[in-house]
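K.L.:
coordinates for the following, if possible.
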Amino acid sequence: MFRVSRLIWEILAAQTCEERVAARSLEWLAANAGDFLPRPDTAPSEAALTALAEMALLVGQTAGLRGGRPKPEREREYVQRLAAAALHSFGTPHVLGFYRTGPAEAGIGLLVTWLGLRAYDSERSLSKDAVAAFVRERQVERPERSPMRKMELRWVLDGIGLAHRLPPMRVLLEASLPRDVVEHDAGDMTEAEIYGFTHTVFYGTDYGRALRLFEETGLTVLSRAHALLLLERMQRKEHWDLTAELVLAYRCLGGGAAAAVDGAWRALSAAQAADGSFPAADEAPIRDEPHPRRNWALRRYHVCLAAALAAFVPPRQP
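P.N.:
Here you go, the predicted structure:
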């Protein structure tokens with residue numbers, strides 16, 4: 001007689017396709033979190049620290065995106081394991097050194113990690129005053145950033161509670177997402193432009209917590225329709241990363257039940273491997289990550305991350 005683990009039975013008993021995808025995605029992230037930890041004897045790679053920062057983001061979002069519903073025990077366990085991995089990395093001197101001296105975007109990674117781990121007392125590794133000094137030293141407010149990147153920066157600085165001189169979020173939203181973009185035929189948008197759209201939605205809605213900015217600018221309904229059109233296109237292309245991001249964006253915009261979203265979850269479930277990961281669009285070695293196992297994990301984590309985040313945003317009732 002085959003012996004099936006309790007976890008597998010729980011996954012099989014999950015009520016919806018969405019819950020199954022999210023549960024398996026969280027399980028995979030937790031099981032592979034150690035693959036993103038920098039080696040103690042070498043400088044960390046930008047790719048690994050980006051993954052850890054995004055895991056910290058997921059950890060931080062889980063506290064507020066369940067709409068007050070209690071978390072399943074396995075979900076709490078997985079999030080704890082992700083937080084432990086990110087905290088372990090965040091408290092390592094050579095990692096902090098990379099944040100201070102590496103590429104400019106690494107500086108934003110430190111801020112995202114600090115914010116995401118706030119519930120786990122990130123000040124033990126770096127005080128809020130030290131973070132403020134870091135912001136000044138790295139000149140993260142420099143004007144050449146794109147409006148969307150400034151939205152990201154403003155979102156994280158506001159979340160930490162640090163003063164800055166960035167433009168108001170509404171100004172940045174209108175610059176990042178002009179009305180003609182969401183009124184235009186979505187068929188000729190590049191992948192980079194679609195990622196720009198989804199991330200603008202994430203920061204502009206505070207990951208689904210607030211629609212005020214989109215409502216004030218009259219972009220909510222148009223952006224939902226735009227997200228659904230793009231979602232169908234990315235699903236047909238089997239671009240699972242953007243499929244998951246667009247489901248998350250639609251949810252953040254307050255979108256209710258939709259056939260395209262249901263179809264996307266079914267397609268994601270069918271594409272998800274037995275271990276919970278998704279096929280990598282690119283198998284080429286990542287710069288500064290020659291180790292096959294680490295390269296494999298870094299190529300696969302992001303779809304799991306976006307799918308888990310999308311499941312945490314409660315859909316609105318139609």
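
K.L.:
every contact and neighbour count from this point should use C-alpha atoms.
P.N.:
Noted.

K.L.:
mind giving me the packing neighbours of the strand or helix carrying residue 264?
P.N.:
Assessed by DSSP states H and E, residue 264 sits inside helix 259-271. Helix 259-271 sits against helix 17-32, helix 220-236, helix 240-252, with contacts defined as 3 or more CA pairs under 8 Å, 6 or more residues apart in numbering; DSSP states H and E.

K.L.:
what residues of the top helix by length along the chain count as buried?
P.N.:
Longest helix of the chain, by residue count under DSSP state H: helix 292-312. Buried residues in helix 292-312, defined by neighbour count with 16 or more other CA atoms under 10 Å: 294-312.

K.L.:
rewinding a little: what angle do the helix holding residue 264 and helix 220-236 make?
P.N.:
Going by axes from the mean of the first three to the mean of the last three CA atoms, to 10 degrees, helix 259-271 is angled at 30 degrees with respect to helix 220-236.

K.L.:
mind checking the pLDDT average for helix 259-271?
P.N.:
Averaged over helix 259-271, pLDDT sits at 96.

K.L.:
next: stretch 304-318.
P.N.:
In the prediction, stretch 304-318 has an average pLDDT of 79.

K.L.:
cool, and stretch 180-199?
P.N.:
87.

K.L.:
was I right to think residue 82 contacts residue 57?
P.N.:
No - if you go by CA atoms under 8 Å, residue 82 and residue 57 don't touch, sitting 10.1 Å apart.

K.L.:
pick the most deeply packed of the helices and strands packed on helix 259-271.
P.N.:
Compared across the helices and strands packed on helix 259-271, helix 240-252 shows the largest average neighbour count, a mean of 28 (mean count of other CA atoms under 10 Å).

K.L.:
please name every helix or strand in contact with that one.
P.N.:
helix 191-204, helix 220-236, helix 259-271, helix 292-312.

K.L.:
please identify the buried residues of the first one?
P.N.:
Read it as helix 191-204. 194, 195, 196, 197, 198, 199, 200, 201, 202, 203, 204.

K.L.:
can you check stretch 122-138 too?
P.N.:
Here stretch 122-138 shows 122, 123, 125, 128, 131, 132, 134, 135 as buried, counting by 16+ other CA under 10 Å.

K.L.:
quick check: closest non-adjacent residue to the first one.
P.N.:
In other words, residue 122. In this structure, residue 122 finds its nearest non-sequential neighbour in residue 114, 5.7 Å apart by CA to CA, 6 or more residues apart in numbering.

K.L.:
one more: the third one?
P.N.:
Of all residues beyond its chain neighbours, the one nearest residue 125 is residue 91 (5.2 Å), with distances taken as CA to CA, 6+ apart.

K.L.:
show the pLDDT at that neighbour.
P.N.:
For residue 91, pLDDT reads 78.

K.L.:
cool, residue 68 as well?
P.N.:
At residue 68, pLDDT is 41.

K.L.:
number of residues surrounding the residue nearest to residue 122?
P.N.:
29 (other CA atoms under 10 Å).

K.L.:
that one in helix, strand or coil?
P.N.:
helix (DSSP: H, G, I helix; E, B strand; the rest coil).

K.L.:
check whether residue 171 sits in a helix, strand or coil.
P.N.:
helix.

K.L.:
any idea how far it is from residue 89?
P.N.:
Distance from residue 171 to residue 89, counting by CA to CA, to the nearest Å: 35 Å.

K.L.:
try residue 241
P.N.:
25 Å.

K.L.:
equivalent analysis for residue 296, please.
P.N.:
Following CA to CA, the distance that separates residue 296 from residue 89 is 20 Å.

K.L.:
please apply the same query to residue 62.
P.N.:
From residue 62 to residue 89 the distance is 20 Å (CA to CA).

K.L.:
just list the residues touching residue 252, thanks.
P.N.:
201, 202, 205, 206, 207, 208, 209, 313 (CA atoms under 8 Å, 6 or more residues apart in numbering).

K.L.:
for the residue lying closest to the third one once chain neighbours are set aside, what are its contacts?
P.N.:
Closest residue to residue 205 apart from its sequence neighbours, by CA to CA, 6+ apart: residue 211 at 5.3 Å. Taking CA under 8 Å, 6+ apart as the criterion, residue 211 is in contact with 204, 205, 220, 253, 254.

K.L.:
got a pLDDT number for residue 211?
P.N.:
94.
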